[in-house]
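Visitor: Just the structure for this:
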Amino acid sequence: MPERRTVRACATSPADRIVRGIAALFVGAFALSMTGQPWCAIPAGVCSILLAVGAITGWCPTDLLRTRQAETVEQNTLGYTDARQHIDIT
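Guide: Numbers count the residues shown, from 1 in each chain. This is a model prediction of the structure:
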């Protein structure tokens, strides 16, 4: 049976979230200043929205790229730890 593990790639501190919020403001201002060139304004606006959501909720935009297969880890039947499982060094 596969072992389910949740990995937070963006476990952020309050300072990180504040920096993301400031970055979202700058990228959003850049997107608004480029409204005459939509090829640049639209991606900047999307990035600004993702940064703002990440700053408010602590959510990581790279979670969109994770697949269900990446979340499940097969159980090792050989009896030794490998790179696909959590290895405790302590």
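
Visitor: show me where pLDDT drops low in the protein?
Guide: Low-confidence segments of the chain, defined by pLDDT under 70, are located at 1-11, 66-88.

Visitor: Please enumerate the strands of it.
Guide: With strands called from DSSP state E, the chain shows them at 3-4, 72-73.

Visitor: ok, residue 41 touching residue 29?
Guide: No. Assessed by CB atoms under 8 Å, residue 41 is found out of contact with residue 29, at 11.3 Å. In this view, the C-beta of every residue, glycine as well, is placed from N, C-alpha and C.

Visitor: more crowded one of the two?
Guide: Using other CB atoms under 10 Å as the criterion, residue 41 and residue 29 rank with residue 41 on top: 16 against 12.

Visitor: Next, count neighbours for the spatially closest residue to the more buried one that is not a sequence neighbour.
Guide: Take residue 41 and drop its neighbours on the chain: the residue closest to it by CB to CB, 6 or more residues apart in numbering is residue 34, 4.2 Å away. For residue 34, the neighbour count with other CB under 10 Å is 16.

Visitor: show me the contacts for residue 34.
Guide: 40-41, 44 (CB atoms under 8 Å, 6 or more residues apart in numbering).

Visitor: Filter those down to just the ones in helices.
Guide: If you go by DSSP state H, those have 40-41, 44 in helices.

Visitor: is it possible to export those residues to TSV including distance to residue 24?
Guide: TSV is the format used below for those (distance: CB to CB, whole Å):
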residue	distance to residue 24
40	17
41	15
44	11
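
Visitor: between these, which is nearest residue 15?
Guide: Nearest to residue 15, judged by CB to CB, of the ones in helices among the contacts of residue 34 is residue 44 at 24.1 Å.

Visitor: Hmm, that closest one is touching residue 30, no?
Guide: Yes. Residue 44 lies in contact with residue 30 (CB under 8 Å); the separation is 5.3 Å.

Visitor: quick one, which of these two is more surrounded?
Guide: Neighbours per residue (other CB under 10 Å) separate residue 44 from residue 30, with residue 44 holding more: 19 against 15.
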